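[1] Here's a sequence, model it:
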Amino acid sequence: MSSGLALQWLQDGEARQACWHSESGLRPPQRVQLVDDTLSADAAYRLACEGTGLLWQGDFQNARHLLQALSRRIERRASPKGARAGKGADATTTTTSKAHFFHLHRQALAQRARVLGAVLIPLEADYRIALRRGPDWRVACTEAWGPPDATDPAGPHVATLRELLGLVGAHEWRKKGVPIAALGGERVHAHYGVFSPVRGEYVDLVAQAPLGPTALAFDIGTGTGVLAAVLARRGVERVVATDQDPRALACATENLTRLGLQDRVQVLQANLFPPGRAALVVCNPPWVPAKASSPIEHAVYDEGSAMVRGYLNGLAEHLAPHGEGWLIMSDLGEHLGLRDPSDLPGWIAAAGLRVVARHDIRPHHAKVSDLTDPLHVARAAEVTCLWRLAAVV
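    Alright, predicted model coming up:
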């Protein structure tokens, strides 16, 4: 999936250009320097901090070593004050201070991404890496960007090494899949750019919440289709799963077909709700009410809680009589100081809804116990909730 932008540089006195790929939203650097194995890590770090793109011409494996060296230099230059801030962001810290620390943390991550994103890798028109000892990552690139002939068949491509490593990692995760206990251990495979159900607690909540005979359910923002699959396996006769991301739609369709549920689950492109009313309307929106810094982050960040509020405001008119809406939400945003604890109950009431019940679960992913994580205090306090909602009669 090309950005439509091009990277331009001079080589042997001639102007060159290549199709620019950046899922993180980085723009192509204005200054480009051709570099190879003779470039020192210190010189590379200085150039990267200045905003110069380092278009690699040497051995591919040495480019990976350089990226690791840049990462070590970033870590050594990290502010000790910033590192301590996470330990101080406990329950006694003000909401403003927590939010300020979170934004500082995001700024540091963005700066890290800019520096590491300076190492650029040239690819041929068919996504072959045009370097010595370059691995064959054509399948991973095609999964992420689409077939080469749909992008720019006439010319070469350039991507940051950091993003190439990320899409290759996503390709391996897609092949492996994530086993889902609620589906009897069957695996769900996340496509590149689609949030993977590695945090199984929200799936467990949907698998365990009380559910009577249900003819029709909506799964809003289906992603991989995992919740639609769980609902179908629980006996819901028909599920309509919506999403507006083409990658998610393709991913959900593939997973539901693999699970043998394609006849019971309809995948539909829509912004939130499909037409009609259902006895059950489920939504697991992004949990962190902050601005996404790149398109790929929209699965995690919901600026201004727009999706949450859109779901709540439209829920009553899409519920069948006596129907329920299930909103699966983490309170991580509250522990980060990004949302007040009174906000969600207030939005529920303002939308003409009432709380039937609430089911809570503690997350059990690795970051909960990772003391080195700058957001550890917030993650350790996090609770994921399934709010069962009904229209006020």
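[2] burial measure for Asn284, as a count.
    26 (other CB atoms under 10 Å). All C-beta atoms are positioned from the backbone trio N, CA, C, and that covers glycine.
[3] And for the one 5 residues further on?
    The number of residues packed around Pro289, counting by other CB under 10 Å, is 22.
[4] and what of Val168?
    Val168 has 18 neighbours, counted by other CB under 10 Å.
[5] Identify the residues contacting whichever strand or helix holds it?
    Assigned by DSSP states H and E, Val168 belongs to helix 161-176. Applying CB atoms under 8 Å, 6 or more residues apart in numbering, the contact partners of helix 161-176 are 21-24, 56, 63-64, 67, 113, 116-117, 119-121, 137, 139-141, 143-144, 187, 189-193, 196.
[6] Which positions in that helix come out as buried?
    161-168, 170-171, 173-174 (16 or more other CB atoms under 10 Å).
[7] what's the following helix or strand after it?
    Taking DSSP H and E, what comes next after helix 161-176 is strand 178-179.
[8] Which residues outside the very next helix or strand once past that next one are in contact with it?
    Using DSSP H and E, the helix or strand that follows strand 178-179 towards the C-terminus is strand 187-188. Identification of contacts with strand 187-188 by CB under 8 Å, 6+ apart yields 176-180, 196-197, 224-226, 229, 255.
[9] try 7 Å
    Residues from elsewhere that reach strand 187-188 (CB atoms under 7 Å, 6 or more residues apart in numbering): 177-180, 197, 224, 226, 255.
[10] Okay, now the sheet partners of that strand, with direction.
    strand 178-179 (antiparallel) (DSSP bridges).
[11] Going by neighbour count, list what's buried in the helix or strand containing Leu231.
    Assigned by DSSP H and E, Leu231 belongs to helix 226-233. Buried residues in helix 226-233, counting neighbours by 16+ other CB under 10 Å, are found at 226-233.
[12] So for stretch 346-357, first residue to last residue, what's the gap.
    Distance across stretch 346-357, first residue to last, is 16 Å (CA to CA, to the nearest Å).
[13] Can you list the residue ranges for helices in the stretch 101-250 of the chain?
    138-145, 161-176, 201-208, 226-233, 246-258 (DSSP state H, counting those that start in this stretch).
[14] any residues touching the fourth one, and which ones?
    Contact with helix 226-233 is made by 180, 182-183, 188, 197, 203, 206-207, 217, 219, 222, 239, 241, 252, 255-256, 259, 261, 264-265, 282, 284, as judged by CB under 7 Å, 6+ apart.
[15] Select the longest strand from the protein.
    Ranked by residue count under DSSP state E, the longest strand found in the chain is strand 319-330.
[16] Quick one: distance of whatever helix or strand comes next after that one to the chain centre.
    Downstream of strand 319-330, the next assigned helix or strand under DSSP H and E is helix 332-335. How far helix 332-335 lies from its chain's middle: 18 Å, per CA atoms, centre = their mean, to the nearest Å.
[17] do stretch 317-330 as well
    25 Å.
[18] What are the buried residues along it?
    318-320, 323-330.
[19] likewise stretch 11-30?
    Applying 16+ other CB under 10 Å to stretch 11-30 flags 16, 18-24, 26, 28-29 as buried.
[20] Using pLDDT, spot the least trustworthy of those.
    Lowest pLDDT of those: Ser24, 81.
[21] Excluding chain neighbours, what is closest to that one?
    Ser294 (4.2 Å; CB to CB, 6 or more residues apart in numbering).
[22] and that neighbour, how many neighbours?
    14.
[23] separation between it and Ala110?
    Look at Ser294 and Ala110: by CB to CB, to the nearest Å, they are 9 Å apart.
[24] Just the buried ones from the contacts of helix 161-176?
    Using 16+ other CB under 10 Å, the buried ones in these are 21-24, 56, 63-64, 67, 113, 116-117, 119-121, 137, 140-141, 143-144, 189-193, 196.
[25] Just the endpoints, please. Distance across stretch 16-36?
    Stretch 16-36 has its terminal residues 18 Å apart, counting by CA to CA.
[26] Kindly list the single helix or strand of this structure that scores lowest on mean pLDDT.
    helix 80-88 (a mean of 43; mean pLDDT, DSSP states H and E).
[27] pLDDT below threshold where in the stretch 1-150 of the chain?
    Filtered on pLDDT under 70, the stretch 1-150 of the chain yields the residue ranges 1-3, 79-95, 149-150.
[28] Strands of that one, residue ranges please.
    Along the stretch 1-150 of the chain, the segments classed as strands by DSSP state E, counting those that start in this stretch run 6-11, 14-21, 31-35, 52-56, 119-123.
[29] As JSON lines, those strands with distance to Asp373 would be great.
    Below are those laid out as JSON lines (distance: least, CB to CB, whole Å):
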{"stretch": "strand 6-11", "distance to Asp373": "34"}
{"stretch": "strand 14-21", "distance to Asp373": "30"}
{"stretch": "strand 31-35", "distance to Asp373": "33"}
{"stretch": "strand 52-56", "distance to Asp373": "30"}
{"stretch": "strand 119-123", "distance to Asp373": "26"}
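[30] Any idea which of those strands gets closest to Leu272?
    strand 14-21 (29.8 Å; CB to CB).
[31] which other helices and strands contact the closest one?
    If you count contacts as 3 or more CB pairs under 7 Å, 6 or more residues apart in numbering; DSSP states H and E, strand 14-21 packs onto strand 6-11, strand 157-160.
[32] tell me the angle that strand makes with strand 52-56.
    100 degrees (axes from the mean of the first three to the mean of the last three CA atoms, to 10 degrees).
[33] So in that sheet, which strands flank strand 14-21, and in what orientation?
    Strand pairing (DSSP bridges) places strand 14-21 next to strand 6-11 (antiparallel), strand 157-160 (parallel).
[34] Tell me how far that strand lies from the chain's centre.
    Distance, centroid of strand 14-21 to centroid of chain: 28 Å (CA atoms, centre = their mean).
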